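Engineer: With the sequence up front, the predicted model follows.
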Amino acid sequence: MDRKMAVFAAMGFEIAGLVIAGVYFGGWVDKTFGWGGLGVAAAIGAALIGWIIHLLMLAKKFEREAAEDESRGRQEPPDQR
């Protein structure tokens, strides 16, 4: 598994952790301020927005690295399966 695949596989665990943290933090906000479920929704929504921004930043980084490698004439090694 190359570096790029490992990063995107790890992002799956990252989103799961963010959703779980959003549920717990949002639940605390709901209990503390009596928001009736809006705290959980807001926390998960904020986590998802942050995750999407992170995903876009990584995609741009990998795109930029690929362009630099191409301009240098470097090719990725073939998969060794």
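Structural biologist: All right, it came through fine. Numbers count the residues shown, from 1 in each chain.
Engineer: now the helices for the protein?
Structural biologist: 3-33, 38-72 (DSSP state H).
Engineer: Same list, those helices, but as CSV with mean pLDDT and mean neighbour count please.
Structural biologist: For every residue, glycine as well, the C-beta is placed using N, CA and C. Listed next are the helices of the chain as CSV, based on pLDDT from 0 to 100; neighbours: other CB atoms under 10 Å:
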stretch, mean pLDDT, mean neighbour count
helix 3-33, 92, 13
helix 38-72, 92, 13
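Engineer: Let's check: the centremost residue of this protein is which one?
Structural biologist: Taking CA atoms, centre = their mean as the criterion, residue 51 is the residue nearest the geometric centre of the chain, at 4.1 Å.
Engineer: Tell me who's in contact with that residue.
Structural biologist: 11, 14, 15, 18 (CB atoms under 8 Å, 6 or more residues apart in numbering).
Engineer: how close does residue 45 sit to residue 60?
Structural biologist: 23 Å (CB to CB, to the nearest Å).
Engineer: gap between the closest residue to residue 47 other than its chain neighbours and residue 24?
Structural biologist: Closest residue to residue 47 apart from its sequence neighbours, by CB to CB, 6 or more residues apart in numbering: residue 18 at 3.9 Å. Per CB to CB, residue 18 is found 11 Å from residue 24.
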